[in-house]
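Asker: Here is a sequence together with a model predicted from it:
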Amino acid sequence: MKKFINQIENVLTESLSGFASAHRDLVTLQLDPTYLTRSQKAQNKVVIISGGGSGHEPLHAGYIGFGMLDAACPGQVFTSPTPDQMLAAAEAVHADKGVLFIVKNYAGDVMNFEMATEMLPFEHATVLTSDDCAVVNSTYTTGRRGVAGTVIVEKCVGSLAETGADLATCKALGDKVNARTSSIGVALTSCTVPAAGRATFDIAETELEMGVGIHGEPGRKREQMRKADAIVHDCVQAIVTDFQSKGLPTNQEALLLINGFGATPLMELYLIYHSAAKLLAGHGICVTRSLVGNYTTALDMAGASITLCLLDDEIKQHWDSPVHTPALRWGR
Amino acid sequence: MKKFINQIENVLTESLSGFASAHRDLVTLQLDPTYLTRSQKAQNKVVIISGGGSGHEPLHAGYIGFGMLDAACPGQVFTSPTPDQMLAAAEAVHADKGVLFIVKNYAGDVMNFEMATEMLPFEHATVLTSDDCAVVNSTYTTGRRGVAGTVIVEKCVGSLAETGADLATCKALGDKVNARTSSIGVALTSCTVPAAGRATFDIAETELEMGVGIHGEPGRKREQMRKADAIVHDCVQAIVTDFQSKGLPTNQEALLLINGFGATPLMELYLIYHSAAKLLAGHGICVTRSLVGNYTTALDMAGASITLCLLDDEIKQHWDSPVHTPALRWGR
Amino acid sequence: MKTNFILSASLAIHAAIVAHEADIESLDRAIGDGDHYINMKRGSEVAASLYNELLPLPADEVLNKIGMKLLSTIGGASGPLFASFFMSMAKVSKQNGSDSLLEIAAAFAAGVQAIMQRGKAQIGEKTMLDVLVPVSHQFTLLAAEGKSSTEIAHALKETANQGLESTRNLIATKGRAAGLGERAIGHLDAGAKSCQVMIHTVCDLVIKGANP
Amino acid sequence: MKTNFILSASLAIHAAIVAHEADIESLDRAIGDGDHYINMKRGSEVAASLYNELLPLPADEVLNKIGMKLLSTIGGASGPLFASFFMSMAKVSKQNGSDSLLEIAAAFAAGVQAIMQRGKAQIGEKTMLDVLVPVSHQFTLLAAEGKSSTEIAHALKETANQGLESTRNLIATKGRAAGLGERAIGHLDAGAKSCQVMIHTVCDLVIKGANP
Ligand SMILES: Nc1ncnc2c1ncn2[C@@H]1O[C@H](COP(=O)(O)OP(=O)(O)O)[C@@H](O)[C@H]1O
Ligand SMILES: Nc1ncnc2c1ncn2[C@@H]1O[C@H](COP(=O)(O)OP(=O)(O)O)[C@@H](O)[C@H]1O
Ligand SMILES: [Mg+2]
Ligand SMILES: [Mg+2]
Ligand SMILES: [Mg+2]
Ligand SMILES: [Mg+2]
C-alpha cells in the first residue's frame, strides 16, 4: 500500500482539517465528536444532514453549503459514523423547522442514524437512499444499497429546503428522487483501506466485478473484462429493467451521472457517458442533464458507476437551482 | 491494462464526443482536424487557445468557457496536437483582437504551436508555461516543463481577456503568473498509455518518483517511500527555494493548488493540502486561495503535484472573477 | 456478574481480538468491506482503556458505560449492535441483579434480544446472531439445570463453534454480504467469528477459575 | 531521387518501424513518455497510404506532400521535425534537382539543417540529430569523392550505428529526457533509434539494387 498518509490513526483528522481549511469560506469542522457544518448557519429552514463512512469523498462533506447539506458526519473509512456525531451536528445546525437525515441504506448507517434519532429532541425525518439496482431486492434482505444516486437526492432536497419547504415536503421529494433513481457499478480493481494496508479483493487482469458497491465489497458477479460498450450495455440494461420493474415509464428526460470510483481517468468516464447516452436513446430516454466525474468514490478503486434519474419538472427545477458547495457549484 | 475503452484508435474521439455531449451548453467539438470551442463564440476580445497531448483531463478542454479558454486542441495521448488543429481552432474563434496561445513548455508542443503561428494570418502571441521546478533550468536545456500551474495561467489570462484587454496585456499577465508559479510532482505509480498497453515505468512498493512530469516520464529521482509530511516537506522546500532563486519574496499571500494525477483519492489530496499549508506558513506564506482535486492529470497515475502561485492584487482579482467551464466554475 | 470480572474480560477480549486479527480481517474482506477487525479493535481497545475509571462502579453501570462508549466509538453495523447488547444487559442486570448464573444468563439473553431488535435480524441470516442466539439459549438451559460455571463455559465454547460454522453455508440476508447473493456461500461471517472469539475468551477466564 | 524510390522507401520504412516496435517503444518508455513508437507508426503508416496518390507526381512534390501529411499526423516532437525534414528536402530538390548523389546529399543536408533549426538543437544533445548529422556529413563527403551508391549505403549504415551508440552516454538537453538529468545516461535515444532504423532501411534498398 502506497498512500500519502502519516499515521493511519490520523488520516481522517488531517484530511478533514485540510478540507475545512481549503474551504473555510464554506465549511467548518468540529472534532470530538466529528462533524462539519456550513460556515454560515442557515436560518428558518429544514436542515439537511447526511453522513456515512469516509472514503467516498467528496461525499458527503463536499456537498455542504447553500442549496445542499447543512452538515455532514464522516465515519471512519467505510464505517458508519456514530450517533453522538449526528446528535452534535443536529444540535449545531437545527433551525426550528426540523432535521432531515439523508442516509445510504446500509445496516450500519441505518442503525446508527436510528439510534441518534431516538435520542434527538427535534422534529426529524429520514430519507433512505437505495438506488443500487445490482442488489436484488427481496422481503428477506435489508434492501438495496444507497450509492451515487445519493448525490442527486441531496442536491434536490437541499434545493427544496432552501425555499422554506417543511419537513414532510422535503422528505417526500427525497423519497421520490430516490425512487426514480437507479445505479449500477463496475470495478476493475479493488480499493485499499488504509488501516487494512492491502487490497480488499484480488482480481485478475482479465476480470471485472459487476454490480460492485462503494466499499470494495465484492459485486454480484465476477465477469470477463470486455469492451466498454459491452460493459455499459449490461449496466444500462440493468437500470432500464429496474425502472420497468418499478412500473416507471422510461421514454422521458433523464439525468445521467457517470461516477468515477477514484482511480478512473475522466477520459474513460466521458467515453462511458458517450456509450451510455447512445444506448439510453435507444430506449427512448433522452439525457438532458449530466454529471461526469468523481462524486461518490471508493478510495482508490478503478471503476465507475452509472446512475440514471428520471426527471420531472420538479426534480429538474431542483437539480438546476443554484448550489454552492466545495464539490458541486453552479448558479452562484 | 484494464480500461473502459473499445478500440484503441477510437478512444479519443469517443471520449471527446461524450465530453462535448455532456457539456453541450458550453462546448462544441469539431473533428478532422480535432478542436473544441465555446458553444457561443465570444466577440471582440483576445481569444485564448490552448492545447496539448490528451491524458491530462480536464486540461485543456475542460477549461473552455466564459472567463477561461475560447478553444482547445487535444493531441493524441501525451502527444502534442498538430498545427492544422491550432490553425482551424484559431480560424473558428478569432474575434478581431488577436489570438493568445497558452502552451506548456515541451519540445513537441512548442514546435507544433510555432509552426502553426508561422502560418497564422492573425495577430498572435504565446505564453509558454514552465512552472515545474523539478527540472533544473540551464542555458543548455529547453527549460522547465509546464505542468499544473498552467491552469492558473489559463484562469487569470482568460479573466483578463473577458475585460477586453489587448493582446500584449494578456500575454504580459500570463507571463507574470507563470513567473510567480512553481510546481513539483510526486508519483507513487506509473500511468498506462492505452496504445502502449503497459505501465510506462516500473516502481516498487517502497519507492516513489520525485519531480515527476505529467506524462509518466521518470522524475528527477527515485526515492524511498515515506510519510506524507516528509514528502510534502521536500516538495515545499523545492518550491520555496525556486522562488528564492528567482528573487521573489515569499512572505506573502499565495494560491495553493494540490493536483491529483488521476488515481489519488481526495482524502489524500486534502491531507497533502493540510501538510503543505502548515509548512508554507512556516515560511511566512499565507495560503488564501486554494484548489484541491484532479486538474492536470496523467491518465491513471497515482500521485500528486503541489503548485504555489504568489498572489498580487491583479492575480487575485483574475483568480476570483467568475468562470464557467466544464471543470472550473464559480460566480455564475 | 462482578465489576472485576467484566473488566478482566474486557482486557482479555481486547487481547483476543488482536490475536485473531488475520482471521477476522480476512473474513470481512472476503464478503464484507474489510473493516470489521479494525472496528472490533477500536471498540475493544477503548473498552479496555476504561479499566481504572470503571473499577469503582457497580456491574450494571460498568456494562452501561461500556455500551455507551462502544456506541460512540465503533460505528458501522457492529457498533450499535454491541452497544445495544451491553446497554440492555446493564438494564436487566440492574433490575434483576446478576449474581446467579441464571441471572447472568437472563441478562445475556436480553442483550442478544436487543441485537435482534436493533438489527431486525433472526438466526439464519449469516450474522453474529448465528453464534449469539444458540449460545444464549444453551446458557439459559444449562444454568436452569444447575450446571456449574465451568461446565457451562465448556459447553458454550462448543456451541459458539457450531454457531460460527453454521454461517458457512448460508446466504446472507442482513449486513453487507446481503449484496453478494450465492457468492457468500462457503465463507464464515466475520461478526460471528468475533463473537465466537469473545465467547471463548470469557469462557476461558471462567474455566481458569475466575468468578463471574 | 525518383518518385518510385521515395515511395518504395516509404513502404519499406513503415514495415521496418513496425518490425522494431519493441526496441523503439522501450527506449521512449525508459527516458521519454513512451509514445515515440506509436507516433512513428502513425506517421509511417499515413505516408505509406499516400502511395497511389503520389505515384504520378514529381519527386519534390512527393517529398513535400509527405512532409505536410506528417505535420498534421504525427504531433509530438518528432512530427514537426520530420515534417520540416521532408519539406526542406523538397524545396532544395526542386531548386537544385536531385538526380545525382551529390544533389541528393545536399537535399538530405538541408533536411537535417531544418530539423536543427526547428528543434534549436545541435549534435550531442541526445536526439535524433546524433544520427542524422554524422550521416549527412558522411553522405556529402562520400558523394563528393564519387563513391557508388552501394558503397555509400554500406558506409552510412555504419555511421548511423555509431551515431545511435553515441547517444548512450549523453545527458539529454533537448526533448523530454532533458528532465531526467544523469538518469538518462546509459539509455539510447528513441528518436536516434528510429532514424537509424530508417537509414538502414533506405540503404538496404539501395544495396539490393534500387536506383535512388
Ligand atoms: N442486521 C444485523 N443484525 C445482526 N448482525 C449484523 C447485522 N448486520 C451486520 N451484522 C453483523 O455485523 C458484522 C459486520 O460488522 P462491521 O464490519 O463492523 O460493520 P459493517 O458491515 O458496517 O462494515 C457482520 O459480519 C454481521 O455479523
Ligand atoms: N529539440 C529537438 N531536436 C531534435 N530532436 C528532438 C528534439 N526534441 C526531441 N527530439 C527527438 O524526438 C524524440 C521523441 O519523439 P516523440 O516521442 O515522438 O515525441 P515526444 O517527445 O513529444 O513524446 C526524441 O527521442 C528525440 O530524438
Ligand atoms: Mg464498514
Ligand atoms: Mg509524447
Ligand atoms: Mg465491515
Ligand atoms: Mg515520446
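Answerer: Done, it's in. Ligands and ions are numbered 1, 2, ... in the order given.
Asker: Centre of chain C to the edge, which residue is at the far end?
Answerer: Within chain C, the residue lying farthest from the chain centre (CA atoms, centre = their mean) is C:E182, at 26.5 Å.
Asker: per-residue pLDDT, it?
Answerer: For C:E182, the model assigns a pLDDT of 85.
Asker: repeat for A:V136
Answerer: Confidence score, pLDDT, at A:V136: 68.
Asker: Next: A:G282.
Answerer: You'll see A:G282 listed with a pLDDT of 95.
Asker: wait, is the residue farthest from the centre of chain C part of a helix?
Answerer: Yes: counting by DSSP: H, G, I helix; E, B strand; the rest coil, C:E182 falls inside a helix.
Asker: so what's it up against?
Answerer: C:I171 (CB atoms under 8 Å, 6 or more residues apart in numbering or on different chains). Placement of C-beta: from N, CA and C, glycine included.
Asker: Look up how far ligand 2 lies from it.
Answerer: Separation of C:E182 from ligand 2 (CB to the nearest ligand atom, to the nearest Å): 49 Å.
Asker: Chain neighbours aside, what residue packs nearest to the residue of the stretch 1-150 of chain A found nearest ligand 2?
Answerer: In the stretch 1-150 of chain A, the residue that lies nearest ligand 2 is A:K2 (26.6 Å; CB to the nearest ligand atom). The shortest distance from A:K2 to any non-neighbouring residue, by CB to CB, 6 or more residues apart in numbering or on different chains, is to B:L188 (4.4 Å).
Asker: residues touching that neighbour, list them.
Answerer: A:2-4, B:203, B:208, B:225, B:264, B:302-303.
Asker: Show the model's pLDDT score for it.
Answerer: The score at B:L188 is 97. That number is its pLDDT.
Asker: cool, the one 10 residues further on as well?
Answerer: B:R198 is assigned a predicted lDDT (pLDDT) of 90.
Asker: thought it was touching B:T192?
Answerer: Yes: counting by CB atoms under 8 Å, B:T192 is a contact partner of B:R198 at 6.4 Å.
Asker: can you list residues touching both of those two?
Answerer: Common neighbours of B:R198 and B:T192 (CB under 8 Å, 6+ apart) are B:M1.
Asker: Okay, strands next: where are they in the stretch 201-332 of chain A?
Answerer: Per DSSP state E, counting those that start in this stretch, the stretch 201-332 of chain A carries strands over the ranges A:207-210, A:221-224, A:253-260, A:286-293, A:303-310, A:323-324, A:329-330.
Asker: cool, and chain C?
Answerer: Assigned by DSSP state E, chain C shows no strands.
Asker: By mean pLDDT, which helix or strand of it comes out lowest?
Answerer: The weakest-scoring helix or strand in chain C, judged by mean pLDDT, DSSP states H and E, is helix C:21-31 (a mean of 93).
Asker: send the alpha carbons of it over as CSV?
Answerer: Provided in CSV are the C-alpha atoms of helix C:21-31 (Å, rounded to 0.1, in the frame of the first residue of the first chain):
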residue,chain,number,x,y,z
GLU,C,21,-6.6,-10.1,13.5
ALA,C,22,-5.8,-12.2,10.5
ASP,C,23,-9.0,-14.4,10.7
ILE,C,24,-11.4,-11.7,11.5
GLU,C,25,-10.0,-9.3,8.9
SER,C,26,-9.9,-11.8,6.1
LEU,C,27,-13.5,-12.9,6.7
ASP,C,28,-14.9,-9.3,6.4
ARG,C,29,-12.6,-8.7,3.4
ALA,C,30,-14.0,-11.8,1.6
ILE,C,31,-17.7,-11.0,1.8
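Asker: count of neighbours near the residue of chain C found nearest ligand 1?
Answerer: The nearest approach of chain C to ligand 1 comes at C:G191, 2.1 Å away (CB to the nearest ligand atom). By other CB atoms under 10 Å in any protein chain shown, 33 other residues sit near C:G191.
Asker: Throw the contacts of B:L188 into JSON lines and include distance to A:D312 and pLDDT, thanks.
Answerer: Output for those, formatted as JSON lines (distance: CB to CB, whole Å; pLDDT from 0 to 100):
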{"residue": "A:K2", "distance to A:D312": "46", "pLDDT": "96"}
{"residue": "A:K3", "distance to A:D312": "43", "pLDDT": "97"}
{"residue": "A:F4", "distance to A:D312": "43", "pLDDT": "98"}
{"residue": "B:I203", "distance to A:D312": "50", "pLDDT": "95"}
{"residue": "B:L208", "distance to A:D312": "50", "pLDDT": "97"}
{"residue": "B:M225", "distance to A:D312": "51", "pLDDT": "98"}
{"residue": "B:T264", "distance to A:D312": "38", "pLDDT": "98"}
{"residue": "B:A302", "distance to A:D312": "41", "pLDDT": "97"}
{"residue": "B:G303", "distance to A:D312": "43", "pLDDT": "98"}
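Asker: In PyMOL, select just the buried ones from those.
Answerer: To isolate the buried ones among the contacts of B:L188 in PyMOL, judged by 16 or more other CB atoms under 10 Å in any protein chain shown, type:
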select buried, (chain A and resi 2+3+4) or (chain B and resi 203+208+225+264+302+303)
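Asker: and of the contacts of B:L188, the nearest to ligand 5?
Answerer: Nearest to ligand 5 out of these is A:K3 (CB to the ion; 19.8 Å).
Asker: Could you verify my assumption that the closest one touches A:P194?
Answerer: Yes: using CB under 8 Å, A:K3 is in contact with A:P194, at 6.0 Å.
Asker: Would you mind measuring from the residue of chain A positioned farthest from its centre to C:S98?
Answerer: Using CA atoms, centre = their mean, the residue of chain A lying farthest from its centre is A:T206. It sits 28.7 Å away. Distance from A:T206 to C:S98, counting by CB to CB, to the nearest Å: 58 Å.
Asker: and if you look at A:G185?
Answerer: On the measure of CB to CB, A:G185 and C:S98 end up 47 Å apart.
Asker: which one is the residue of chain C found nearest ligand 2 nearest to, not counting chain neighbours?
Answerer: Scanning chain C for proximity to ligand 2 using CB to the nearest ligand atom identifies C:G34 as nearest, at 40.4 Å. The spatially closest residue to C:G34, leaving aside those adjacent along the chain, is A:T200, at 4.5 Å (CB to CB, 6+ apart).
Asker: just to revisit the earlier point, leaving out the residues flanking it, which one is nearest to the residue farthest from the centre of chain A?
Answerer: Closest to A:T206 by CB to CB, 6+ apart is A:M225, at 5.3 Å.
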